[in-house]
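*Asks:* fold the following and give me the result.
(one chain, ligands or ions: 1)
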Amino acid sequence: MRRLLLPRLSGRGPRGGVALTFDDGPHPEATPAVLDVLDRLGWTATFFVLGAQVRRHPGVAAEVVAAGHELALHGDEHRYLIGRGPRAAGDDLHRAYDTVAGLTGQPPLWWRPPYGVLSGPALAAARGLGVRPLLWSAWGRDWRAAATGESVVDDLYRGEVDGGMLLLHDSDITSAPGAWRSAVAALPLLAERLGAAGVEVRTVGEHVRG
Ligand SMILES: [Zn+2]
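*Replies:* Okay, the predicted model is just below:
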């Protein structure tokens, strides 16, 4: 499925850079652990948050913003959009939008639907809100109980890394409990590989605007 995606949807940007993204947060344990490593590495990233999680953990979401990272939309609740009525899909995105815009005072610009599944009504709602749908070009499969820092980096490099958009998670609400620790462990290993190749880590905004 990923190979059929349009380059625009997979978030391709210029080579020499990569957008680092985290889905499903904020999470009271995982997000601070991710923020800590990002701070040590001097990286800024984009967090595709869930509106419901932001309302549950507003202080954690505020920490993400205060650390200079970008917030984007993953939805309000983590549910497939297909099979929900047109009204429900649009309402979900609107709720997430209002929650994130209310927290940051800025309109969110990007949206990645749960499971990467786009639906017509949700796309129409996104267009109405002025948020651009984006998926990914490489994922770390960090939701698995068996994932480790090494396996996450290996999985990322099975996709398109240089010039692409990397998908990790700062939450375990849809994964094996504590699986996010594999993403945290992967970041310093990823830094070695990206650094050796001269690839810079960016937010989505920095990356897709080139
Ligand atoms: Zn998700």
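*Asks:* every contact and neighbour count from this point should use C-alpha atoms.
*Replies:* OK.
*Asks:* quick check: Phe48 touching Asp23?
*Replies:* Yes. If you go by C-alpha atoms under 8 Å, Phe48 and Asp23 touch, sitting 4.8 Å apart.
*Asks:* quick one, which of these two is more surrounded?
*Replies:* More crowded of Phe48 and Asp23, by other C-alpha atoms under 10 Å: Phe48, with 27 against 22.
*Asks:* what does this structure have sitting close to the ion?
*Replies:* Within reach of the ion by C-alpha under 5 Å from the ion, the chain has these residues: 24, 114.
*Asks:* and if we set it to 6 Å?
*Replies:* Residues of the chain found near the ion (C-alpha under 6 Å from the ion) are 23-24, 114-115.
*Asks:* secondary structure and pLDDT for those - can I get that in a markdown table?
*Replies:* Shown next, in a markdown table, are the residues of the chain next to the ion (DSSP: H, G, I helix; E, B strand; the rest coil; pLDDT from 0 to 100):
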| residue | secondary structure | pLDDT |
| --- | --- | --- |
| Asp23 | strand | 98 |
| Asp24 | coil | 98 |
| Pro114 | helix | 91 |
| Tyr115 | helix | 89 |
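*Asks:* which of the residues you listed count as buried?
*Replies:* 23-24, 114 (16 or more other C-alpha atoms under 10 Å).
*Asks:* only C-alpha atoms, please: export whatever helix or strand Pro32 lives in in CSV.
*Replies:* Per DSSP states H and E: Pro32 is located in helix 30-41. This file holds the C-alpha atoms of helix 30-41, laid out as CSV (Å, rounded to 0.1, in the frame of the first residue of the first chain):
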residue,chain,number,x,y,z
ALA,A,30,6.1,8.2,27.0
THR,A,31,6.0,11.8,25.9
PRO,A,32,8.3,13.2,28.6
ALA,A,33,10.7,10.3,27.9
VAL,A,34,10.7,11.2,24.2
LEU,A,35,11.1,14.9,24.9
ASP,A,36,14.1,14.2,27.1
VAL,A,37,15.9,12.3,24.3
LEU,A,38,15.0,14.9,21.7
ASP,A,39,16.4,17.6,23.9
ARG,A,40,19.6,15.8,24.4
LEU,A,41,19.9,15.2,20.6
